[in-house]
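>>> Need the 3D shape of this:
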Amino acid sequence: PLGRVRWETAMMAPELVLKEAGAWVFGVALCDGLLAAGGEDHKVRLYQAASGRLLRTLEAHSHVSSVALGDGLLAAGSFDKKVRLYEAATGTLLRTLEEATCCVYSVAFGGGLLATGGGDNKVRLYEAATGTLLRTLEESSKIVFCVALCDGFLAAGSADYKVRLYEAATGRLLRTLEEAISSVLCVALCDGFLAAGSADHKVRLYEAATGRLLRTLEEAGDSVWCVALGLGLLAAGGSDKVVRVYDPATGKLLHMLQEAGHYVSSVAFGDGLLVGWRKSDTVVRVYCPATGKLLQLLKDATSGIYSVAFQDGRLACSGEDKAVRVYVLPEATPLPCVKALNDLSALREDSAAGRAELEASLQELVQLRKRGADGDASQAKLQAAVQQQSAMSAELAATKGKLRTTEAERMQKSAEL
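Purely as a prediction, here's the structure:
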């Protein structure tokens, strides 16, 4: 759960400073007690997250642009057009994926799959465990900047101003989302939503299952470089130096976080909203997502921050000063506002599931009514379906009532804090 303490905004020093890299570190990832870091010195380093002990140094033979951990595997995309797939526990190189014909900018794990996107305008989908190429998705006409996998969907944002939404298991193109009028720089999938940020200063929020545009968030004053979805919230940051936090269910702007004077390169949800600021700003800021309150300042970087990752109370950040810093966030009783936020998120999931089940029931009811004259058995089944649909409608209405009550409680607790 999010937000463990009533923090104080004094500077917190890192528990670990990992200085093995000899150049800028472009990406970090945390998963299952491991920390991976890759960058300009053509290497990926694998650490034990708790102790900072260097477990392996993996040669990538070119700048490492992105790293990802998942399913017991480590993937590293690089400027030499290759993705290297390692066994995370041992650092053993399992496969070198050489299908790309230009730089690989983005890699992502999800549902036993590995997705990659890059400068050859293609998205490739692999079986993660074996590195077997399953599909090459060639719909984009320009660079693919970002990919995301979640809940059976694959999203890819491109310089051709489009987001493409695929069925991950089959690679089938479900929708091409063409609302942006400039390059799509970042995408995120979570809780049934797809968020996309672009250079036209907008964040667009879609229903993942259908690709339906729910709302266009136009508050940003410049390019949107990063988006994150989690705990029923959406965060977005970019060149206008502000992180905005929204309620994706309504599109309401909840908070504007403006403490830094440099553009925002990374946002993530963990034990707070974690924000890495690029250029000369050397501080990571941690916020309570329910209130927008600044909880903690994480100090000690001597140059700009490129990447932030969080898991299990540990935050890792990397950047231009060639080091990876690991912070351990203190444990305590959850904040009341965060408990309300967690409850609200759970209720939204229940409500979304209820809506989907109700829609399926209604479709079945329509079909039964069409066949209603086929005999007593059909009539009995029709009557049972009508009763089930009525019960589900009542249950969904009750869930929505709880959702409204929890939302009101959360707003009241936010105001008290």
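>>> Quick check: residue 105 vs residue 288, distance?
When distances are taken as C-beta to C-beta, to the nearest Å, residue 105 and residue 288 turn out to be 32 Å apart. Glycine gets a C-beta too; all of them are placed from N, C-alpha and C.
>>> neighbour-wise, which of those two wins?
For residue 105 versus residue 288, the count of surrounding residues by other C-beta atoms under 10 Å is larger for residue 288: 25 against 20.
>>> pretty sure that one contacts residue 270?
No - with contact defined as C-beta atoms under 8 Å, residue 288 does not count as touching residue 270 (11.9 Å).
>>> How far off centre is stretch 199-209?
Offset of stretch 199-209 from its chain centre (C-alpha atoms, centre = their mean, to the nearest Å): 14 Å.
>>> for the record, mean pLDDT for it?
Average pLDDT, stretch 199-209: 93.
>>> Tell me the span between the first and last residue of that stretch.
Counting by C-alpha to C-alpha, to the nearest Å, the length from the leading to the trailing residue of stretch 199-209 is 25 Å.
>>> Next: stretch 86-96.
One end of stretch 86-96 to the other measures 9 Å (C-alpha to C-alpha).
>>> What lies in contact with that stretch?
Counting contacts by C-beta atoms under 8 Å, 6 or more residues apart in numbering, the residues outside stretch 86-96 that touch it are 31-32, 34, 36, 44, 46, 55-56, 58, 69, 72-76, 82-85, 130-131.
>>> Below-threshold pLDDT in the stretch 201-350 of the chain: ranges please.
When residues are selected by pLDDT under 70, those of the stretch 201-350 of the chain lie in 259-261, 271-274, 276-281, 300, 330-350.
>>> Would you map the helices across it?
Counting by DSSP state H, counting those that start in this stretch, the stretch 201-350 of the chain has these helices, from start to end: 336-370.
>>> What are the buried residues along stretch 32-47?
Buried residues in stretch 32-47, counted by 16 or more other C-beta atoms under 10 Å: 34-47.
>>> And the buried ones among the contacts of stretch 86-96, selectable in ChimeraX?
With 16+ other C-beta under 10 Å as the burial test, the buried ones among the contacts of stretch 86-96 are selected in ChimeraX as follows:
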select :31,34,36,44,46,55,56,58,69,73,74,75,76,82,83,84,85,131
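>>> Can you classify residue 85 by secondary structure?
Secondary structure for residue 85, judged by DSSP: H, G, I helix; E, B strand; the rest coil, is strand.
>>> Correct me if wrong: it contacts residue 132.
No - contact status for residue 85 versus residue 132: not in contact, 10.6 Å apart, counting by C-beta under 8 Å.
>>> Between those two, which contacts overlap?
Looking at what touches both residue 85 and residue 132 (by C-beta under 8 Å, 6+ apart), the common residues are residue 126.
>>> How about residue 64: which residues does it bridge to?
Per DSSP bridges, residues listed as beta-bridge partners of residue 64: residue 78.
>>> where's it relative to residue 318, distance?
Noted for residue 64: a distance of 11 Å to residue 318, by C-beta to C-beta.
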